[in-house]
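Colleague: This is a predicted model, with the sequence first.
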Amino acid sequence: MVTGFLYANAAARPEHTALVHRDERVTHAELLERVERLAGALAERGVAPGDAVALLLPNGPAFVTAFFAVTGLGAVVVPLNPQFKADERAFCMNACGVREVIADERQVAAMIERHPRRRLEPRGADETFAFQFSSGSTGRPKRLARTHGQLWAEAESYSFLGPDDRFFCAIPLFHTYGMGCCLIAAARHGATLVFLDDPQPFVLRRRRALELLERERITVFPGVPFIFGHLAGAPPGADLSALRLCFSAGTALAGETSEAFREAFGVPVRELYGCTEAGTLTADLDPEPVPGSVGTPVGRVRVRIEDGEVAVSSPAMTDGYSSMEELNRQVFRDGWFLTGDLGRIDDAGRLHVTGRKKLLIEVAGHKVDPIEVEDVVLAHPKVREAVVVGVSNGREETVKAVVVPGEGCGEREVIEFCRERLANFKVPQTVEFRDEIPRSPLGKVLRKYLV
């Protein structure tokens, strides 16, 4: 399955560069050796098929090595956001029954150096490959499992990419988008993956990003609108003539952002659509990007509209959420998944996403579940009621908490309370105090009056 790509690449192109990170260049042969050595070290520590292993690592060779070592052993990789605070990490790890945590790049290097190689056996299509978490409109993130066969099917859908491509990775590998469109796609084709070191905050790294895009002759650039907007506004002069495909996903791409990037660098930004439950689903591959289109289905993906909602079917799709039978009956039906997005399909078969049925807030490429943030705000002893919404300045969304306070409750106190319990991108930037939360006659919160 997926691990087989590493053996194929090491056999066919052993000296071809697989990874570029800062001053380090790793060939396909070297990457396979690192993966085999780390797998041996993990096995010696007792990691066995079916065990859950959490990765709390930044983008780079250590993440890639650990990712493939864990899954190659038949253990289950649990890629988590390193920005998560203790409560968030504990929730995810407890939900997955994590046995081992890999959180230190130096630890990975030491384990590789000390252990001999261990050849990895092929895994079965139905074996669990990864536990992931999908944000939603109710409660905590939902755990789902994806198998080796499902990840292999996603890899096969990237037929529009090739072995001579050079991928620029400025999006997190723990996220489905980065895992699929960067890590899995590059491994599938034996291509080169170039990492932007320390991409946060991106606004301070755009000069470095442009240097890498030019120096490494990047051909494929998956990103988010936030990134492309900042690059388009950079001082002119970077030569990005090698770029052939730029994809934006995560939230709607404004037409002016795509055109500004094209004007600056000569290549438009196209839209791509996917979800945690199924990976990449559609991509705009028309000769000229079609405004508002996220493209046509890739691979064996099928898309249809049910009562205005986007429904998808894919061999890369999970079978459902863990221990959520009622929700699964609602959104997984006869091999189709109801995404919660609203859309339409045009006469050429292109999907247009027109809105969200769910309440997710998009913050600089991250998805924030407002209900999760509300749970934290409401835990503050001086907060009586709270609703969390996304507010837009026309370019990007931020998180706002609307609070009915108790005695002595202050904005800074609420924000600091959240900062101790939530990743920074989830923390409300503003807190608005009100005497009451607006509700309909039936008691439903009227969020439109809070934005």
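Modeller: That came in fine, so what should we check first? Residues are numbered from 1 along each chain as shown.

Colleague: Please enumerate the strands of the stretch 201-350 of the chain.
Modeller: Ranges of strands in the stretch 201-350 of the chain, per DSSP state E, counting those that start in this stretch, are 220-223, 245-248, 269-275, 279-283, 296-297, 302-306, 309-313, 332-333, 336-345.

Colleague: Can I get those strands in JSON lines including mean pLDDT?
Modeller: Below are these laid out as JSON lines (pLDDT from 0 to 100):
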{"stretch": "strand 220-223", "mean pLDDT": "96"}
{"stretch": "strand 245-248", "mean pLDDT": "96"}
{"stretch": "strand 269-275", "mean pLDDT": "95"}
{"stretch": "strand 279-283", "mean pLDDT": "97"}
{"stretch": "strand 296-297", "mean pLDDT": "98"}
{"stretch": "strand 302-306", "mean pLDDT": "97"}
{"stretch": "strand 309-313", "mean pLDDT": "97"}
{"stretch": "strand 332-333", "mean pLDDT": "96"}
{"stretch": "strand 336-345", "mean pLDDT": "94"}
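
Colleague: Just send those back as CSV, with distance to Val101 and mean neighbour count too.
Modeller: To be clear about C-beta, it is placed using only N, CA and C from the backbone, and glycine gets the same treatment. Output for these, formatted as CSV (distance: least, C-beta to C-beta, whole Å; neighbours: other C-beta atoms under 10 Å):
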stretch, distance to Val101, mean neighbour count
strand 220-223, 27, 27
strand 245-248, 32, 24
strand 269-275, 27, 25
strand 279-283, 25, 27
strand 296-297, 37, 20
strand 302-306, 37, 14
strand 309-313, 33, 21
strand 332-333, 30, 16
strand 336-345, 30, 18
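
Colleague: Summarise which helices and strands the top helix by length along the chain is packed against.
Modeller: Taking DSSP state H as the criterion, the chain has its longest helix at helix 28-44. Here helix 28-44 touches helix 2-12, strand 17-21, helix 61-72, helix 105-114, going by 3 or more C-beta pairs under 8 Å, 6 or more residues apart in numbering; DSSP states H and E.

Colleague: and if we set it to 6 Å?
Modeller: helix 2-12, helix 61-72, helix 105-114 (3 or more C-beta pairs under 6 Å, 6 or more residues apart in numbering; DSSP states H and E).

Colleague: Nearest to Arg333 among those helices would be which one?
Modeller: Among the helices and strands packed on helix 28-44, helix 2-12 comes nearest to Arg333, with 27.9 Å by C-beta to C-beta.

Colleague: Other residues contacting the closest one?
Modeller: Identification of contacts with helix 2-12 by C-beta atoms under 6 Å, 6 or more residues apart in numbering yields His28, Ala29, Leu32, Gly72, Leu120, Leu151, Trp152, Ala187, Arg188, Gly190.

Colleague: Need the mean per-residue confidence for it.
Modeller: Average pLDDT, helix 2-12: 97.

Colleague: Could I get the buried residue list for it?
Modeller: Residues Val2, Thr3, Phe5, Leu6, Tyr7, Asn9, Ala10 are the ones in helix 2-12 that count as buried (16 or more other C-beta atoms under 10 Å).

Colleague: so it versus strand 17-21, what angle?
Modeller: Helix 2-12 and strand 17-21 are oriented at 110 degrees to each other (axes from the mean of the first three to the mean of the last three C-alpha atoms, to 10 degrees).

Colleague: distance between helix 2-12 and the chain's centre?
Modeller: With C-alpha atoms, centre = their mean, to the nearest Å as the basis, helix 2-12 stands 24 Å off its chain's centre.

Colleague: For Phe417, give its distance to His380.
Modeller: Phe417 sits 5 Å away from His380, taking C-beta to C-beta, to the nearest Å as the criterion.

Colleague: Of all the helices and strands packed on helix 28-44, which one comes closest to Val388?
Modeller: helix 61-72 (30.6 Å).

Colleague: hmm, who's touching that closest one?
Modeller: By C-beta under 6 Å, 6+ apart, helix 61-72 touches 3, 19, 21, 26, 34-35, 38-39, 53, 55, 57, 77, 102, 105, 108, 120, 129, 173.

Colleague: ranges for the helices of this structure?
Modeller: With DSSP H as the criterion, the chain has helices spanning 2-12, 28-44, 61-72, 86-96, 105-114, 148-156, 176-178, 185-189, 206-215, 225-232, 255-265, 325-331, 370-378, 411-419.

Colleague: Can you tell me how far Asp165 is from Ala185?
Modeller: 8 Å.

Colleague: More neighbours: these two, which one.
Modeller: Legend: neighbour count by other C-beta atoms under 10 Å for Asp165 and Ala185, higher for Ala185 (23 against 20).

Colleague: Contact partners for the more buried one?
Modeller: Neighbours of Ala185 in contact, by C-beta under 6 Å, 6+ apart: Tyr158, Leu161.

Colleague: Repeat that for Gly292.
Modeller: With contacts defined as C-beta under 6 Å, 6+ apart, Gly292 is in contact with His352.

Colleague: Can you give me the pLDDT of it?
Modeller: pLDDT at Gly292 comes out at 88.

Colleague: now do the one 3 residues further on
Modeller: We have a pLDDT of 96 for Gly295.

Colleague: Let me see the contact set for the nearest residue to it once chain neighbours are set aside.
Modeller: Of all residues not flanking Gly295 in the chain, Asp284 sits nearest, at 3.5 Å (C-beta to C-beta, 6 or more residues apart in numbering). Going by C-beta under 6 Å, 6+ apart, Asp284 touches Arg270, Glu271, Ser293, Gly295.

Colleague: of those, closest to Arg439?
Modeller: Glu271 (36.1 Å).

Colleague: what phi and what psi does the backbone show at the closest residue to that closest one other than its chain neighbours?
Modeller: Counting by C-beta to C-beta, 6+ apart, Glu271 lies nearest to Val294, which is 4.4 Å off, once chain neighbours are set aside. Val294 adopts backbone torsions of phi -100, psi 10, taken as degrees, to the nearest 10.

Colleague: what's around Val294, how many residues?
Modeller: Val294: 27 surrounding residues under other C-beta under 10 Å.

Colleague: about what we covered before: closest to Tyr177 out of the contacts of Asp284?
Modeller: Glu271 (12.3 Å).

Colleague: which ones are touching the closest one?
Modeller: Contacts of Glu271 by C-beta under 6 Å, 6+ apart are Ser248, Leu253, Asp284, Val294.
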